[in-house]
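1. give me the fold of what follows.
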Amino acid sequence: MIQNTPDTSPPRLIALDWGTSSQRAWLLGDGGRILDVRRPDFGLLGTTGDDPESRTRAYEAAFDEACGDWIAAAPDLPAIACGMVGSAQGWREAGYLTTPTDLTIGAGDLTTVPHPRGVLHLVPGLRVASAADGSVPGDVMRGEETQIIGALGMLSATDGPLTIVLPGTHSKWARVEDHKIVAFATAMSGELYGLVMQHGILGRTATTGVRDDAAFGRGLETGTSVPSRGLPAELFGARALVLDGLLDPASLPDYVSGVIIADEVRHLLPLHAAAGHRILLCGNADLCRRYAAGLHVHGVAADIVAEEAAAQGLWRVAIDAGLLDPEPSTNPEKETL
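-> Numbers count the residues shown, from 1 in each chain. Purely as a prediction, here's the structure:
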């Protein structure tokens, strides 16, 4: 059985944020306290089979590898997961809630997935419906809704609307009002950066990257310049700067990162963060630092919350859905902004 030391609580929940390219698994104790964390290197892309049966077997094996010993030590622990594991290409499709939507997810909203060791509960994603005539596309998210729930629980009391930015492969800009997600938008900035640097001419122009904050700042300024030449032109400009000896090839990745983030911020900031909105960045620390710099160019300050917000969000969903009783005694040490 799992052994508990005096400064830990008994394990109460297995929680997973299972995305396209990675997975994070947490063993949570009273109040959502993190007792153990694992980051296996297998996401949806590494577990998708050619047919439903092989895909199911792949997911079962990946889940067992990440959490099997936790379940063996405490077989009655409930387990819950968010992210692309609930997509059409995932273990089981979990559906979507349509915005505007309250951030309380009940038992009827979860999708159950039986497996040899028990049951995994999947959190639904969120969607913005497209216009009926197709003139305005909608949007979807999976996993970020749970990060938002966790981030809100880590905030001190706040009045008025809040804009939460979640940087990543597919960055999200979500507007929250009265504990409801009323709208959100996705930018493929992280994926675009990966494609450009791995499969395009800029990847051949660059050498092994080194962190260069000055080059990133130059990229931000270029991507924010008025008038703008547009993202495709500014990206190719990075190659010209290297050929002219004005940008070190090793600094090109940070320069390109700045150009892409600046373009995202300049377009989505005015649409999703009206004057006076509090802005919160939630996710990887380095990405949040980069986005904070991009916002600063526009005179906007942002608070930052750790990416472990997903663990707190899964804890909150598990309580709201009745998988757990409210914490009996111990409260987690929360980050208060």
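
2. could I get the full set of helices for the stretch 1-150 of the chain?
-> Assigned by DSSP state H, counting those that start in this stretch, the helices in the stretch 1-150 of the chain fall at 44-47, 52-73, 144-153.

3. do the same with the stretch 201-337 of the chain
-> Assigned by DSSP H, counting those that start in this stretch, the stretch 201-337 of the chain shows helices spanning 201-205, 213-224, 231-243, 252-272, 285-296, 309-320.

4. any idea which of these is most buried?
-> helix 309-320 (a mean of 25; mean count of other Cβ atoms under 10 Å). From N, CA and C alone the C-beta is placed, and that goes for glycine too.

5. restricting to C-alpha, output that helix in PDB.
-> Taking C-alpha atoms only, helix 309-320 is exported to PDB below (Å, rounded to 0.1, in the frame of the first residue of the first chain):
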ATOM      1  CA  ALA A 309      -3.500  24.800 -12.200                       C
ATOM      2  CA  ALA A 310      -4.700  21.700 -14.200                       C
ATOM      3  CA  ALA A 311      -4.300  19.500 -11.200                       C
ATOM      4  CA  GLN A 312      -6.300  21.900  -9.000                       C
ATOM      5  CA  GLY A 313      -8.900  22.100 -11.800                       C
ATOM      6  CA  LEU A 314      -9.300  18.300 -11.900                       C
ATOM      7  CA  TRP A 315      -9.600  18.300  -8.100                       C
ATOM      8  CA  ARG A 316     -12.400  20.900  -8.300                       C
ATOM      9  CA  VAL A 317     -14.200  19.000 -11.100                       C
ATOM     10  CA  ALA A 318     -14.000  15.700  -9.100                       C
ATOM     11  CA  ILE A 319     -15.600  17.300  -6.100                       C
ATOM     12  CA  ASP A 320     -18.300  19.100  -8.200                       C
END
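
6. which strands and helices sit next to it?
-> strand 13-18, strand 23-28, strand 79-82, helix 144-153 (3 or more Cβ pairs under 8 Å, 6 or more residues apart in numbering; DSSP states H and E).
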